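# Attaching a predicted model along with its sequence, questions to come.
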Amino acid sequence: MNTMHINADRKIQLSSTGILLDHPFFGDLLAGLRKHPNRNIPTFRTDGEVIEYNPDFVDTLSIPHAKFILAHETLHVALTHHLRRGYRDAEDWNIAADHVVNLVLDDAGFHAPDDAVMHKSFSGKSAEEIYHIIHQEKQDGDGDGNHNSKGGGQGQNPSGGQSQPPDGDDQSDEQGNEPPPLSTGDFTDGTAKNEAERAQQEADWKVKTAQAAQAARSQGKLPGSLTELVDSILKPKANWKAQLRDFVSAISQDGYTMNPPNRRLRAIGINLPSKRSQSLGNIVIGVDTSASVSSDELEQFQGEINCILEEHPSAKATVMQCDWDLQSVDEYENHDLPIKMEVKGRRGTQFEPVFDEIERLGERPDCLIYLTDLGAEFPTPPDYPVLWASVYEGKAPWGDTIHII
């Protein structure tokens, strides 16, 4: 049967049924998503509740290609990519998530189209980790920034573009034409209106994922690679880089604070909070340069300093290197990127000098982030937020603690 001449809606039905029979894990999850035609989009799109498709585009697809795209959109939702973007650039977040999804589908036996981005070097990495790589490449000018380039995973650089353009194909760059949209579809931010709804939607999809995995396992159709994927969804490891960025982003969100209170209302005897600006001002980053912190860990943290300033252009970072004594104090802003830190110290650990220096400077920071092994006496808690980024298990007696793993 020539499936290229089947009605688009019928092709969607046949493809969905084929997924359910051959890949029940994806089929069960797909069944929980409504499907609607929409000629106002180029290919496919999902928001975590509905998979929309352009019937004219579906008319051009073979059944294997349609099955891949439906599974692609479904896995974005199961991995809650539509709920996790946060402050990240939408285009780069999409391409990072596409690498994750396409690598899984390729391993599961789906037939990926030629333009599916899935660089092998990204195997095992989260969308957050891949995003940081490709976004940094684009900012540094190391990648071409063209995330819609055609070509399979083996022929692409990590950011999605080809290592070299095909012979005779200039991608129409000189003419200023946009490249065609990827034929693997798209996803948008979810429909959650607040953090509570977002958390509920994420929990709901974890339940659906567990149920789909159990159904596939009972049929003997849940391969080992998918078992690992399901485990990562249901029991995710802490992503310290994402936690660090979320901490900084939370500090910069619009809100209200009693420090200082609303001066205009206070003048008439009413004590209410004032509006806090969304822009991130001054943050202090304490870097434990004692011998127990490895060079690799310090290099990782240097990358995070660059990322923070890249994503918060208005911020000023005061970086204080400290082992037993304060070794250096350097101020960086967005125009200083990329930052290259010359490590100083490498003796024992003491926290007090960093807090003393902040007090001496006389300016209350928006927050302090301290990379350390927690192996020292803790000073008195200050009146600003503190995040301890620890290279070992353990928890600081106050402030927030994340583990660098």
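Structure received.

# Just confirm Y370 is within a strand.
Yes. According to DSSP: H, G, I helix; E, B strand; the rest coil, Y370 belongs to a strand.

# and it, what are its bridge partners?
Beta-bridge pairing of Y370 under DSSP bridges involves G286, W388.

# Is it in contact with V386, as I believe?
Yes. Taking contacts as Cβ atoms under 8 Å, Y370 lies within contact range of V386: 6.7 Å. In short, each C-beta sits where N, CA and C put it, glycine included.

# Dihedrals phi and psi, T184?
Backbone geometry at T184, expressed as degrees, to the nearest 10, gives phi -100, psi 0.

# Give me the distance between it and H111.
Distance, T184 to H111, using Cβ to Cβ, to the nearest Å: 12 Å.

# Between these two, which has more neighbouring residues?
Using other Cβ atoms under 10 Å as the criterion, T184 and H111 rank with T184 on top: 23 against 13.

# from what I can see G48 touches T191, true?
Yes. G48 lies in contact with T191 (Cβ under 8 Å); the separation is 6.7 Å.

# Could you name every residue contacting both of those two?
Counting by Cβ atoms under 8 Å, 6 or more residues apart in numbering, the residues touching both G48 and T191 are Q201.

# residue contacts, D9?
Each residue near D9 by Cβ under 8 Å, 6+ apart is listed here: P37, P55.

# Now do the helix or strand that contains it: distance to the chain's middle.
Assessed by DSSP states H and E, D9 sits inside helix 8-22. Per Cα atoms, centre = their mean, to the nearest Å, the displacement of helix 8-22 from the mean C-alpha position of its chain is 31 Å.

# got the buried residues for it?
By neighbour count on 16 or more other Cβ atoms under 10 Å, the buried set for helix 8-22 is A8, K11, I12, L14, S15, S16, G18, I19.

# same deal with stretch 366-380?
D366, C367, L368, I369, Y370, L371, T372, D373, L374, G375, A376.

# Which stretches in this protein count as strands?
In the chain, the strands defined using DSSP state E lie at 34-37, 44-46, 50-53, 186-187, 255-261, 273-276, 282-288, 316-322, 326-333, 367-372, 386-390, 400-403.

# Using TSV, lay out those together with mean pLDDT and distance to T80.
Converted to TSV, the strands of the chain look like this (pLDDT from 0 to 100; distance: least, Cβ to Cβ, whole Å):
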stretch	mean pLDDT	distance to T80
strand 34-37	96	18
strand 44-46	97	12
strand 50-53	97	16
strand 186-187	92	10
strand 255-261	47	25
strand 273-276	45	29
strand 282-288	93	28
strand 316-322	94	30
strand 326-333	95	33
strand 367-372	92	26
strand 386-390	90	24
strand 400-403	88	20
